[in-house]
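Colleague: Structure here, sequence nowhere to be found:
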């Protein structure tokens, strides 16, 4: 929400067709199972006008040192050729965990911002200031 507020970007939530549990322990187990099986969860709502967007901010948590499997579904569903992709994430201690490189490899036709934002779930109180500073750094603040 803060990135949208600071940049004027539209918001689209990447949600699975079958909702994830809100129980943290069960979610962690499910995330590991999806990763181990290389699952591609189906996305609930598609973006009908994806081709009209030039800059795509993609936010995700780090689960088991990677992005959730539904992000792989998202990247495989759309043509990112010629688009600028700006990753940002939350984590529990692993930082970006190599996900920017993964995204660059998946989206070879896109320009992927190397200076991605990440913040620990323990530092969320600092998020507004840190996000604003990061957006200034990458010259995306409105």
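Modeller: Alright, I've got the coordinates. Source: prediction; values computed, not measured.
Colleague: residue nearest the centroid of the chain?
Modeller: Closest residue to the average C-alpha location of the chain: residue 59 at 2.6 Å, with C-alpha atoms, centre = their mean.
Colleague: Tell me the secondary structure at the residue lying closest to it once chain neighbours are set aside.
Modeller: Leaving aside its chain neighbours, residue 59 sits nearest to residue 88 (4.8 Å; criterion: C-beta to C-beta, 6 or more residues apart in numbering). For the C-beta atoms, the positions are set from N, CA and C on the backbone; glycine is no exception. Classification of residue 88 using DSSP: H, G, I helix; E, B strand; the rest coil returns strand.
Colleague: you'd agree residue 88 is up against residue 115?
Modeller: No. Residue 88 lies out of contact with residue 115 (C-beta atoms under 8 Å); the separation is 10.3 Å.
Colleague: What is the neighbour count of residue 82?
Modeller: By other C-beta atoms under 10 Å, the residues close to residue 82 number 10.
Colleague: was I right about it contacting residue 56?
Modeller: No. Using C-beta under 8 Å as the test, residue 82 is too far from residue 56 to be in contact (11.2 Å).
Colleague: Please enumerate the helices of the protein.
Modeller: Per DSSP state H, the chain carries helices over the ranges 2-7, 24-36, 69-77, 99-106, 127-137.
Colleague: Rebuild those as CSV, extending it with mean neighbour count, distance to residue 43 and mean pLDDT.
Modeller: CSV is the format used below for the helices of the chain (neighbours: other C-beta atoms under 10 Å; distance: least, C-beta to C-beta, whole Å; pLDDT from 0 to 100):
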stretch, mean neighbour count, distance to residue 43, mean pLDDT
helix 2-7, 15, 20, 94
helix 24-36, 13, 14, 95
helix 69-77, 19, 6, 98
helix 99-106, 17, 15, 98
helix 127-137, 14, 25, 95
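Colleague: Please tell me the pLDDT value assigned to the residue nearest to residue 92 when sequence neighbours are not counted.
Modeller: In space, and not counting its chain neighbours, residue 92 is closest to residue 121: 5.5 Å by C-beta to C-beta, 6+ apart. Residue 121 is assigned a predicted lDDT (pLDDT) of 93.
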